[in-house]
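Trainee: Requesting a structural model of the entry that follows:
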Amino acid sequence: MNPNDNAPSRWIEGELRLAGMLDARMMELLKAIDRSGSINQAAKQMGLSYKGAWQMLERANNGAPQTLLTTAIGGSKGGGTALTPAGKALLALFTRLEQKHRDFIAELNRSLAEDPATILLLQRLEVKTSTRNQLFGQVTAIDRDVADARITVRLKGGEEVVSSFSTASLDALAIGIGADAVLMINSADIMLLTDPALERISARNRLLGKVMRIRHDIVDSEVIVLLPNGEILAAMITQQSLRKLALMPGMSVWAVFKAHAPILGVRSS
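Mentor: Numbers count the residues shown, from 1 in each chain. The predicted structure is shown next:
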């Protein structure tokens, strides 16, 4: 047996996203609508507000070449809703692509596991970055001194996130006010706090959201936080922290991280 067959390490991670907006969360919402025949019920199952779910669906419909949903108005929250043939075809396509995507990522990780020199390098560097947490916005402020720079990015919902790095990196990126930016944040760098705990931390960035779901592991738990703008953050916390915070789906929670945690990227001109 190859000793790498049971190796749990996943050096490369990634999430499938079509057309910049159709991701696994959107597909789960479409599946929930297909099962329940109701946007309102599907939103509740996903831990979303009706407005948030409708905004997601509206963006998807606007970006798709054919209408994904048919809705019959008939109540305060709308009437029955069903997927069109195009919507069902999109679900089937995404399912096929998602499996191919998983196989591709797995193959990349297997190739790394078979290269001792690469594994040694990765272990020495303790690579922990992941592209799962991606927040999109625009650069609204740049503050720099001799050695350090701080970039303020305004998210779609109006929240502001500060990312700090060296001035050399700032010059290399050639960032300007108004530039489209993406912030990539490692899930291990995000702390989760309830409101009373905020006074005891000094982290620059604080985003208020709601717990969407919790996935338990042997040592840690992954908590998915839904932000008001519809984006999500995944945070890894210990089981002890989870018990202390008593987090449950639907609860309000603050996602807190320091200014050096986000990796900043800008769209190439």
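Trainee: drop to CA atoms for contacts and neighbour counts, all remaining ones
Mentor: Noted.
Trainee: Strands along the stretch 101-250 of the chain, start to end?
Mentor: Using DSSP state E, counting those that start in this stretch, the strands of the stretch 101-250 of the chain run over 133-144, 148-155, 160-166, 180-185, 191-193, 205-216, 220-226, 232-238.
Trainee: Same list, the ones you listed, but as a markdown table with distance to Arg102, mean pLDDT and mean neighbour count please.
Mentor: Below are the strands of the stretch 101-250 of the chain laid out as a markdown table (distance: least, CA to CA, whole Å; pLDDT from 0 to 100; neighbours: other CA atoms under 10 Å):
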| stretch | distance to Arg102 | mean pLDDT | mean neighbour count |
| --- | --- | --- | --- |
| strand 133-144 | 18 | 89 | 18 |
| strand 148-155 | 29 | 90 | 20 |
| strand 160-166 | 31 | 90 | 20 |
| strand 180-185 | 21 | 87 | 20 |
| strand 191-193 | 28 | 91 | 21 |
| strand 205-216 | 19 | 90 | 19 |
| strand 220-226 | 19 | 90 | 21 |
| strand 232-238 | 19 | 90 | 21 |
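Trainee: Please produce TSV containing the ones you listed, extended by distance to Met46.
Mentor: Below are these laid out as TSV (distance: least, CA to CA, whole Å):
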stretch	distance to Met46
strand 133-144	18
strand 148-155	22
strand 160-166	26
strand 180-185	23
strand 191-193	20
strand 205-216	7
strand 220-226	10
strand 232-238	12
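Trainee: For Gly250, find the nearest of these.
Mentor: For the strands of the stretch 101-250 of the chain, the distance to Gly250 is smallest for strand 205-216, at 5.2 Å, taking CA to CA.
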